[in-house]
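1. Sequence first, then the predicted structure, then my questions.
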Amino acid sequence: QVQLQESGPGLVKPSQTLSLTCSVSGASITSGDYYWFWIRQPPGKGLEWIGYLYYQNGDTYYSPSLRSRLTISTDTSTNAFSLTLTSVTASDTAFYFCACSPTHFGTPGATWGPGTLVAVSS
Amino acid sequence: QSDLSQPASVSASPGQSITISCTGSSNDVGIFNLVSWYQQHSGKAPRLIIYTVSKRPSGVSSRFSGAKSGNTASLTISGLQADDEADYYCASYSAAGSTYVFGTGTTVTV
């Protein structure tokens, strides 16, 4: 069974870069059977889809509203994938979740990590 | 790319049934059978309960069912139980650049 765990700093200063890692167990990040997702949720608000990647063909897909600041990549040596968001502002304060889905599920997250809260503040 | 529209809240008594709507457009819900539903209890990560409109992952109760008509998908919860009290979100694949979009979320009170 696939398990995911987010890690990274809980506090980032405005204008700086937010970097998070999602460690994967129970499946290989290089497997062509899964898509790997990031989703966020500002405290007390709804879910926002951030983006995902498919290792098999190297493609990444990003939310149009975040595309200019966002990179999602893999680290095969640690079986993890990561999120990098530049030039953050207070509006980027949120719980950040990593997730994965079998390719035939067509859903942005069949299995989720517990989430990690990132606050953007000076 | 706009969020899918859901009612803000729905309430019902234990044992009753409720249906939550999820309205999108001809760019997402209307043209793809890739609608999913999530249950999120307070302080927890979302849990997938329906995918590809009407399929249930292993371990999800048959009290949860999904359907779609045109640009609107729906989630029905039958035989409401106290533990069904949570936030529910729909999601759909979108024609806009192989992206996904979430619904605005519905709080269910039992």
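-> That came through fine. The model shown is predicted, which means the values in this text are computed figures rather than measured ones. Numbers count the residues shown, from 1 in each chain, chains lettered A, B, ... in the order given.
2. so what does the helix or strand hosting A:Ala119 touch, helix or strand wise?
-> Following DSSP states H and E, the helix or strand that holds A:Ala119 is strand A:116-120. With contacts defined as 3 or more CB pairs under 8 Å, 6 or more residues apart in numbering or on different chains; DSSP states H and E, the secondary structure elements packing on strand A:116-120 are strand A:11-12, strand A:18-25, strand A:94-102. Just so you know, the C-beta spots here come from the backbone N, C-alpha and C atoms, and that holds for glycine as well.
3. for these, which one sits closest to chain B?
-> Nearest to chain B among those is strand A:94-102 (5.8 Å), distances taken as CB to the nearest CB.
4. and residue 15, what is it in contact with?
-> Defaulting to chain A. Going by CB atoms under 8 Å, 6 or more residues apart in numbering or on different chains, A:Ser15 touches A:87-89.
5. was after chain B, sorry
-> Listed by CB under 8 Å, 6+ apart, the contact set of B:Gly15 reads B:79-80.
6. With B:Leu80 as the reference, measure out to it.
-> B:Gly15 sits at a distance of 6 Å from B:Leu80 (criterion: CB to CB, to the nearest Å).
7. distance of B:Val35 from B:Ile77?
-> Using CB to CB, one obtains 16 Å as the distance from B:Val35 to B:Ile77.
8. confidence score at the residue of chain B most remote from its centre?
-> For chain B, the residue at maximal distance from the C-alpha centroid (CA atoms, centre = their mean) is B:Gly97, at 22.4 Å. B:Gly97 is assigned a pLDDT of 81 by the prediction.
9. touching chain B at all, stretch A:69-86?
-> No - applying CB under 8 Å from any CB of the partner chain, one finds stretch A:69-86 out of contact with chain B, separated by at least 12.3 Å.
10. returning to what we had before: pick the most buried one from the helices and strands packed on strand A:116-120.
-> strand A:94-102 (a mean of 24; mean count of other CB atoms under 10 Å in any protein chain shown).
11. which strands and helices sit next to it?
-> In this structure, strand A:94-102 makes packing contacts with strand A:3-7, strand A:18-25, strand A:34-41, strand A:80-85, strand A:111-112, strand A:116-120, judged by 3+ CB pairs under 8 Å, 6+ apart.
12. can you list those in TSV and add mean pLDDT?
-> Formatted as TSV, the helices and strands packed on strand A:94-102 follow (pLDDT from 0 to 100):
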stretch	mean pLDDT
strand A:3-7	98
strand A:18-25	98
strand A:34-41	97
strand A:80-85	98
strand A:111-112	98
strand A:116-120	98
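13. Need those in TSV (columns: distance to B:Gln39).
-> Shown next, in TSV, are the helices and strands packed on strand A:94-102 (distance: least, CB to CB, whole Å):
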stretch	distance to B:Gln39
strand A:3-7	18
strand A:18-25	22
strand A:34-41	14
strand A:80-85	24
strand A:111-112	11
strand A:116-120	20
